[in-house]
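Chemist: test case, fold it:
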Amino acid sequence: MAGISNAIYQSLFRKNAVYLTAIFASAFAFELSFDTASNKVWDSWNAGRQWKDIKPRYLVKDEEEDDD
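Modeler: All right, here's what the predicted structure looks like:
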């Protein structure tokens with residue numbers, strides 16, 4: 001166990017620039033994954049009620065009215 005913590009310290013925490021870069025990179029990766037997951041949950045809960053789902057029905061209806 002001491003070997004793992006020593007390796008982490010030597011690779012990430014020893015230099016401040018590397019430590020901060022690791023923090024910002026992990027925060028960015030977490031934000032991307034959280035946003036993707038929350039968008040998928042939102043889309044699954046609201047399927048059929050969003051504009052992207054009902055847009056084709058209104059576009060077809062408008063085109064039929066223009067033909068008359």
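
Chemist: can you classify residue 48 by secondary structure?
Modeler: Three-state assignment for residue 48 (DSSP: H, G, I helix; E, B strand; the rest coil): coil.

Chemist: and it, what's its pLDDT?
Modeler: As predicted, residue 48 sits at a pLDDT of 92.

Chemist: count the neighbours of residue 12 for me.
Modeler: 13 (other CB atoms under 10 Å). C-beta: built from backbone N, CA, C; applies to glycine.

Chemist: doesn't residue 20 make contact with it?
Modeler: No. Residue 12 is beyond contact range of residue 20, at 10.1 Å (criterion: CB atoms under 8 Å).

Chemist: which residue sits closest to residue 50, ignoring its sequence neighbours?
Modeler: Nearest residue to residue 50, sequence neighbours excluded (CB to CB, 6 or more residues apart in numbering): residue 43, at 7.3 Å.

Chemist: so that neighbour is in which element?
Modeler: Counting by DSSP states H and E, the element that carries residue 43 is helix 16-45.

Chemist: what about this structure, any weak spots by pLDDT?
Modeler: Counting by pLDDT under 70, the chain contains low-confidence ranges at 60-68.
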